[in-house]
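*Asks:* I would like to see how this sequence folds:
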Amino acid sequence: MSQGQQEKENNSGGFADSLREIQGEYMMLGELYEKQKSYGQRLSEMMKTLQFEVDTVIPIRPEALGRPCRAAYLVSEGVVLVFDTTGAMTSKPLYTLPSEAIISIIQECTPELQRLLSEKRRSESTKVKSMERVLKELKKAQATFKQTKRDEAVADEEDEASPPEEQGPQKETAEVLPPARNTRDSFAFRGSFGEKRDVATVSS
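*Replies:* Below is the predicted model of the structure:
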């Protein structure tokens, strides 16, 4: 084999190796792009969830965007509003921004989100304590009511079980009338017989 042929084979072999390396680099780069996209979406969803709890627009410093602008805000649904130097407004979902912008915006908004969430937690904790206090009072009132009902039921059962009070014999208060006299006998003795006796005495 001539020297020229060997050089061609070496060059072709080196070219094939280079192609395989390029293909491998390209595949790994594509995987990294997919991971960046996936991570960006997950980070955006997390920020959306946290911001939903506080329901507040969070301002973003222009430096965090890496480009000059008049103002920028993270609003609900994980959307970034940007007012450029001319006052024109643009809005984009957070996950569609470049990876470095996503990281910078999250780092910018995290302290404010933490403060707002802490305030809301304290507020909700106060509400829960108030509700617990009222619930305890209602439970006490309910227990007292149930005890009262039980006491009344026991008293009713005792009244039903006890024998009736003995009552003394009733005294007859009917008026006792004197025995009736025979009107005819009374008239005979007082009137007729007496008169007859008197007459007999006079005649004798």
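*Asks:* secondary structure class of residue 82, three-state.
*Replies:* strand (DSSP: H, G, I helix; E, B strand; the rest coil).
*Asks:* mind checking how far it is from residue 144?
*Replies:* 63 Å (C-beta to C-beta, to the nearest Å). Using the backbone N, CA and C atoms, a C-beta is placed for each residue, glycine as well.
*Asks:* tell me which of these two has more neighbours.
*Replies:* The residue with more neighbours, out of residue 82 and residue 144, is residue 82; 19 against 10, by other C-beta atoms under 10 Å.
*Asks:* how far away from the center of its chain is stretch 35-42?
*Replies:* Distance of stretch 35-42 from its chain centroid, counting by C-alpha atoms, centre = their mean, to the nearest Å, is 36 Å.
*Asks:* buried ones in that stretch?
*Replies:* Buried residues in stretch 35-42, defined by neighbour count with 16 or more other C-beta atoms under 10 Å: 40-41.
*Asks:* please apply the same query to stretch 101-110.
*Replies:* By neighbour count on 16+ other C-beta under 10 Å, the buried set for stretch 101-110 is 101-102, 104-106, 108-109.
*Asks:* return the subset of these lying in helices.
*Replies:* Under the assignment DSSP state H, the buried residues of stretch 101-110 contribute 101-102, 104-106, 108-109 to helices.
*Asks:* columns pLDDT and distance to residue 63 on top of these, output as a markdown table?
*Replies:* As requested, those are arranged in a markdown table below (pLDDT from 0 to 100; distance: C-beta to C-beta, whole Å):
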| residue | pLDDT | distance to residue 63 |
| --- | --- | --- |
| 101 | 91 | 11 |
| 102 | 92 | 15 |
| 104 | 93 | 8 |
| 105 | 93 | 11 |
| 106 | 93 | 14 |
| 108 | 91 | 8 |
| 109 | 93 | 13 |
